[in-house]
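In: Sequence first, then the predicted structure, then my questions.
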Amino acid sequence: MLALPKAVRAEIVERARGGRPLEICGVLGGEYDPTGRSEVGSQYPAENVAEHPRTRYRIDPEEQLAIFDRLEARDEEIVGFYHSHPRGPPRPSETDAADATWSDRSYVIVSLEPFEVGSWRWREDDGFEREDVAVE
């Protein structure tokens, strides 16, 4: 289960719409629980530095480390990551599955066509599993 505040969800959706036709991406901070309910407290936008940003996302490793430092300074944990799919699908793509590296973290995807905001936890042995999202 992922608890996602309405304000954070709205910020991510607005970024996705504003970034179209490119994928946007970022990091989710808050309280992380690998087997239960993780709670998002904030989102940290990142630049998409992928070679093909219309169909892929990649956070620059140095920027990612800087975001992790900001999280730590605010006593937050890495809850997961988010990115958009401007033209669908409203689920993780094969590329998303191949590039996932943070086991048990949440991966929020904003699909714009069709519109949907969903979350999946990536399990090292099982791949992505859809998780419930409580928008609060």
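Out: Happy to help now that I have it. The structure presented is a predicted model; accordingly, all values stated were derived computationally and were not measured. Numbering: from 1, shown residues only.
In: Please point out which parts of stretch 89-100 sit buried.
Out: Across stretch 89-100, burial judged by 16 or more other CB atoms under 10 Å covers P92, D96, A100. C-betas here are computed from N, CA, C, even on glycine.
In: quick one: which of the residues you listed is nearest to A50?
Out: Distance to A50, by CB to CB, is smallest for D96 among those, at 11.8 Å.
In: on that earlier part again, out of the buried residues of stretch 89-100, who's nearest E77?
Out: Comparing those against E77 with CB to CB places A100 closest, at 18.1 Å.
In: tell me the contacts of that closest one?
Out: A100 makes contact with P92, Y107, W122, F128, according to CB atoms under 8 Å, 6 or more residues apart in numbering.
In: hmm, try it at 10 Å
Out: F81, P92, Y107, W120, R121, W122, R123, E124, G127, F128 (CB atoms under 10 Å, 6 or more residues apart in numbering).
In: What distance do you get for V108 to E62?
Out: Look at V108 and E62: by CB to CB, to the nearest Å, they are 23 Å apart.
In: When those two are compared, which one has more neighbours?
Out: More crowded of V108 and E62, by other CB atoms under 10 Å: V108, with 25 against 8.
In: Show me what the more buried one is bridged to.
Out: Y82, S119 (DSSP bridges).
In: Could you pull out the strands in the chain for me?
Out: Using DSSP state E, the strands of the chain run over 2-4, 25-31, 38-46, 77-85, 106-112, 115-123, 127-131, 133-135.
In: Between these, which one is closest to R54.
Out: Of all the strands of the chain, strand 77-85 sits nearest to R54, with 10.3 Å by CB to CB.
In: tell me which helix or strand of this protein sits lowest on mean pLDDT?
Out: Least confident helix or strand, the chain: strand 127-131 with a mean of 87, by mean pLDDT, DSSP states H and E.
In: who's in contact with the residue nearest to the spatial centre of the chain?
Out: Centroid check for the chain by CA atoms, centre = their mean gives Y82 as the closest residue, at 1.5 Å. Y82 is in contact with 4, 8-9, 12, 15-16, 24-28, 40, 43-46, 57, 106-110, 117, 119, counting by CB under 10 Å, 6+ apart.
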